[in-house]
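Engineer: Can you look at this prediction? I've put the sequence above it.
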Amino acid sequence: MPKLSVNGIEVEVPAGTTVLQACEAAGAEVPRFCYHDRLSIAGNCRMCLVEVEKSPKPVASCAMPASEGMVVKTNTAQVKKAREGVMEFLLINHPLDCPICDQGGECDLQDQAMTYGRHASRFDEGKRAVKDKDIGPLIKTIMTRCIHCTRCIRFGEEVAGVEVLGLTGRGEHMEVGPYVEAVVNTELSGNIIDLCPVGALTSKPYEFHARSWELVKTESIDVLDAVGANIRVDTRGAEVMRILPRLNEDVNEEWLADKSRFACDGLKKRRLDRCFVRRHGKLEPASWDEAFGAIAERLRGVAGNRIAAFAGDLADAEAMLLLKELITALGSPHMDCRQDGAKLDASSRAGYLFNTTIAGIERADACLLIGTNPRWEAPLVNARLRKRWRRGGFAIGLIGEPRELTYKYSQLGAGPQTLAEIANDRHAFAATLKAAKAPMLILGQGALARPDGAQILAAARQLALDFGLVREGWNGFNVLHGAAARVGGLDLGFVPGQGGRDVAGILDGVQSGAIEIVYLLGADEIDTARLGGAFVIYQGHHGDAGASRADVVLPGAAYTEKSATYVNLEGRPQRTRRAIHPLGEAREDWKILRALSEALGRKLPYDTVEAVRQRLGVVAPSFRALGRVEPAAFGNFGSPGPLGSEPFKSAIANYYMTDPISRASPTMAQCVEAFVAPAQTKTGTHG
């Protein structure tokens, strides 16, 4: 490990560390535009110049490796003059857009110009102008502002795996953009907005909506997929203006998927802000007392085994706990949180977790994808897979539909037959798994949400045991979820009790008349046409499929409007924080269920959210480990038996519309038109 001196402070750094990183380790701040910790080194901007003893001129610290005995100075007159010169060159062609630029107040160029900018320019030539590029409905381009840092290009090539942007021309004629007219078709495209150090790339939906200093910033958790990305919700008044990623190395690093970032405009569309009761075939506004009264009247005299409940994909753990206890108190064992009918076994926690953990992907050296399209089901998990693949020595095989993933993989087969061949050591990929030191498999909902899902789960479990995917210090068995509520619901046991019906059984019971009353806790993904003549109670925040079919509607709070607990696909409990108050008469979901239980004469013993969370920790001790992953013992799960012959299909047909919030989002509708509709006319290919 080389030792060097930075401004008189001696610091020891790992081999391969750059001078810039060494300076930061010594507490010296070095300005930069092109350098980024997670991207390759470009050395374009020269803003990070420092003085190195015995060097004839200032050195670009981002591209210079730190070596033994170096003497570095970052605050000399020579360094200051060099940085001022670089800044002057950068500002020659930069437009005077600051008063109308969406980057204003958050602009690296603004901030550094305050320190290194001159009071006047020595150049009086006309500024150049660059034509803006149309790269889709999410990213606004003002390319005259571009300073050619190439962060966006490197992100596309290295992280997103979609090489659309590039450099053309040289010198003053250099431009960043697509080589031919094209949209940036990646589920991570919004991250280039965060990476851009100037206002060349900004959010198109957020354009001219607010200034950064007007916004109230709230740290929270994303719930539009099962990854549980750490986010920051920026609000003004009673409106969510934008959502940005927060740093969490174990979950999302500093990236965020496009749906999680841009679907926030769906939070103010199609909202339920009052109770409704169906009278004479029509939903009419009602008070809370009237809504509770209608439910109590209909439940009077109904046997418990004629009542059922579904928990939706956005339901929080507190609400699911109270709904389970209320339904149980009414005498019903019929409940399920698996809207898609996935044959997940709640009796063994390791059987439904992403046991390797998201960060643990970087330790693996072989991966088998079974019935999943991680690029759409969990873009941030897919980004980790690509990150590991780029290092080399990571063989990936796919059983299922061929997809345009962002890394090379081997198409092994289409369905369970291939899985059986690998398990029986009759396929070439079996040797790859055997030879790997840390192999892993990822089982998608497309393989589990089918009649033979329990058998596929058992076959994958046996494969994991036979091929050493589960061993001391390593668990390579993973289930990839798409719903934020799924793991929390399974942890709480929101599944059929003794003699209870699952999703399919409840819907069959409604058709046969065995089930009279159905409670939907934000459950919009079931086939509501099969609810027939049942009395349907819908509790949620959007007027989606469930609310349209309901006889009583109870308005709940969206994830930005409540403090609630969610468990991500790894089994990591995390909490949202309330950024704005619920709209109109809407209330937090656990409060609605607590009040309803009292109206039904089955009062639940919780008066505060702290009491509910204490109960969560009793029902499932994993809830006590907030923000941490508690490893699960690898038990017995699944049901051994014959596998079907139908090929696996992806669980998601449209990434941009998977839940009530994204379906209500105008921005997501534009994404479907720009990205999904054209792709449906093409056949899938793979690397």
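Structural biologist: That came through, no problem.
Engineer: where does this structure dip in pLDDT?
Structural biologist: The chain contains residues with pLDDT under 70 at 679-687.
Engineer: one more time with 50
Structural biologist: Residue ranges of the chain with pLDDT under 50: 683-687.
Engineer: Please list all residues in contact with residue 226.
Structural biologist: Contacts here follow Cβ atoms under 8 Å, 6 or more residues apart in numbering; on that basis residue 226 touches 378, 480-484, 486-487, 568-569. Bear in mind the C-beta positions are built from the backbone N, C-alpha and C, glycine included.
Engineer: what do you get for residue 213?
Structural biologist: Neighbouring residues of residue 213 by Cβ under 8 Å, 6+ apart: residue 105.
Engineer: That one belongs to a strand?
Structural biologist: No: residue assignment for residue 213, taken from DSSP: H, G, I helix; E, B strand; the rest coil, gives helix, which places it outside any strand.
Engineer: any idea how far the residue lying closest to residue 357 once chain neighbours are set aside lies from residue 480?
Structural biologist: Once its chain neighbours are removed from consideration, residue 357 has its nearest residue in residue 570; the separation is 5.0 Å (Cβ to Cβ, 6 or more residues apart in numbering). Counting by Cβ to Cβ, to the nearest Å, the gap between residue 570 and residue 480 amounts to 11 Å.
Engineer: joint contacts of those two?
Structural biologist: With contacts taken as Cβ under 8 Å, 6+ apart, the residues that reach both residue 570 and residue 480 are residue 354.
Engineer: isn't residue 331 right up against residue 303?
Structural biologist: Yes: Residue 331 sits in contact with residue 303 when judged by Cβ atoms under 8 Å, with a separation of 7.0 Å.
Engineer: Neighbour count for those two, which is higher?
Structural biologist: The neighbour comparison of residue 331 against residue 303 (other Cβ atoms under 10 Å) goes to residue 331, with 13 against 10.
Engineer: who are the neighbours in contact with the closest residue to the more buried one other than its chain neighbours?
Structural biologist: Once flanking residues are discounted, residue 331 sits nearest to residue 304: 2.1 Å by Cβ to Cβ, 6+ apart. Applying Cβ under 8 Å, 6+ apart, one finds that residue 304 lies in contact with 330-332.
Engineer: related to what we said a few turns ago, quick one, which of the contacts of residue 226 are buried?
Structural biologist: 378, 480-484, 486-487, 568-569 (16 or more other Cβ atoms under 10 Å).
Engineer: Just these: which are in helices?
Structural biologist: Members of the buried ones among the contacts of residue 226 lying in helices (criterion: DSSP state H): 486-487.
Engineer: Between the buried ones among the contacts of residue 226, which sits nearest residue 654?
Structural biologist: The closest of the buried ones among the contacts of residue 226 to residue 654 turns out to be residue 482 (Cβ to Cβ; 12.1 Å).
Engineer: Check the gap between that closest one and residue 433 for me.
Structural biologist: Distance check for residue 482 against residue 433: by Cβ to Cβ, it reads 25 Å.
Engineer: Next: residue 602.
Structural biologist: From residue 602 across to residue 433, the span is 51 Å (Cβ to Cβ).
Engineer: What of residue 150?
Structural biologist: As it turns out, when the distance is counted by Cβ to Cβ, residue 150 lies 38 Å from residue 433.
Engineer: Then residue 474?
Structural biologist: 13 Å.
Engineer: For those two, work out which one has more neighbours and name it.
Structural biologist: More neighbours surround residue 433 than the other of residue 474 and residue 433, with 25 against 17 (other Cβ under 10 Å).
Engineer: Report the buried residues of the helix or strand encompassing residue 85.
Structural biologist: Element membership of residue 85, judged by DSSP states H and E, is helix 77-90. For helix 77-90, burial by neighbour count (16+ other Cβ under 10 Å) applies to 79, 82-83, 86-88, 90.
Engineer: With stretch 37-51 instead?
Structural biologist: Judged by neighbour count (16+ other Cβ under 10 Å), stretch 37-51 contains these buried residues: 39, 42, 44-51.
Engineer: export the residues you listed to a markdown table and tack on secondary structure and distance to residue 508?
Structural biologist: Below are those laid out as a markdown table (DSSP: H, G, I helix; E, B strand; the rest coil; distance: Cβ to Cβ, whole Å):
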| residue | secondary structure | distance to residue 508 |
| --- | --- | --- |
| 39 | coil | 53 |
| 42 | coil | 60 |
| 44 | coil | 63 |
| 45 | coil | 64 |
| 46 | coil | 69 |
| 47 | coil | 66 |
| 48 | coil | 66 |
| 49 | strand | 72 |
| 50 | strand | 72 |
| 51 | strand | 77 |
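Engineer: Would you agree residue 420 falls within a strand?
Structural biologist: No: if the criterion is three-state DSSP, then residue 420 is helix and not within a strand.
Engineer: do you know how far residue 529 is from residue 507?
Structural biologist: For residue 529, the distance to residue 507 under the criterion Cβ to Cβ works out to 10 Å.
Engineer: If you count surrounding residues, which of these two has more?
Structural biologist: The neighbour comparison of residue 529 against residue 507 (other Cβ under 10 Å) goes to residue 507, with 24 against 9.
Engineer: list the contacts for that one?
Structural biologist: Neighbours of residue 507 in contact, by Cβ under 8 Å, 6+ apart: 526-527, 530-531.
Engineer: re the thing from before, sitting in strands, which of the buried ones among the contacts of residue 226 do you find?
Structural biologist: Using DSSP state E, residue 480 are the members of the buried ones among the contacts of residue 226 that sit in strands.
Engineer: Return the closest of the buried ones among the contacts of residue 226 with respect to residue 230.
Structural biologist: When these are compared for distance to residue 230 (Cβ to Cβ), residue 568 wins out at 10.2 Å.
Engineer: Check what contacts stretch 452-460 and list those residues.
Structural biologist: Outside stretch 452-460, the residues that reach it (Cβ under 8 Å, 6+ apart) are 341-345, 351, 370-371, 416, 419-420, 423, 441, 443, 447-448, 450, 477, 637-644.
Engineer: typo on my end, it should be stretch 626-644
Structural biologist: Outside stretch 626-644, the residues that reach it (Cβ under 8 Å, 6+ apart) are 250, 343, 345, 347-353, 355, 357, 415-417, 419-420, 450-452, 454-462, 470, 475, 477, 570-575, 621-622.
Engineer: Pull it out as CSV, backbone CA atoms only.
Structural biologist: Coordinates of each C-alpha in stretch 626-644 appear next as CSV, following Å, rounded to 0.1, in the frame of the first residue of the first chain:
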residue,chain,number,x,y,z
LEU,A,626,-34.8,-3.0,10.5
GLY,A,627,-32.5,-2.3,7.5
ARG,A,628,-30.7,-5.6,7.9
VAL,A,629,-30.9,-9.0,6.3
GLU,A,630,-31.3,-12.0,8.7
PRO,A,631,-30.1,-15.2,6.9
ALA,A,632,-32.7,-17.8,6.8
ALA,A,633,-32.2,-21.5,7.4
PHE,A,634,-32.5,-23.6,4.3
GLY,A,635,-35.5,-25.8,5.0
ASN,A,636,-37.8,-28.0,3.1
PHE,A,637,-40.2,-26.3,0.7
GLY,A,638,-42.1,-27.0,-2.5
SER,A,639,-44.0,-30.2,-3.5
PRO,A,640,-42.0,-32.8,-5.5
GLY,A,641,-43.9,-34.1,-8.5
PRO,A,642,-44.0,-34.2,-12.3
LEU,A,643,-43.3,-30.9,-14.1
GLY,A,644,-45.5,-29.5,-16.9
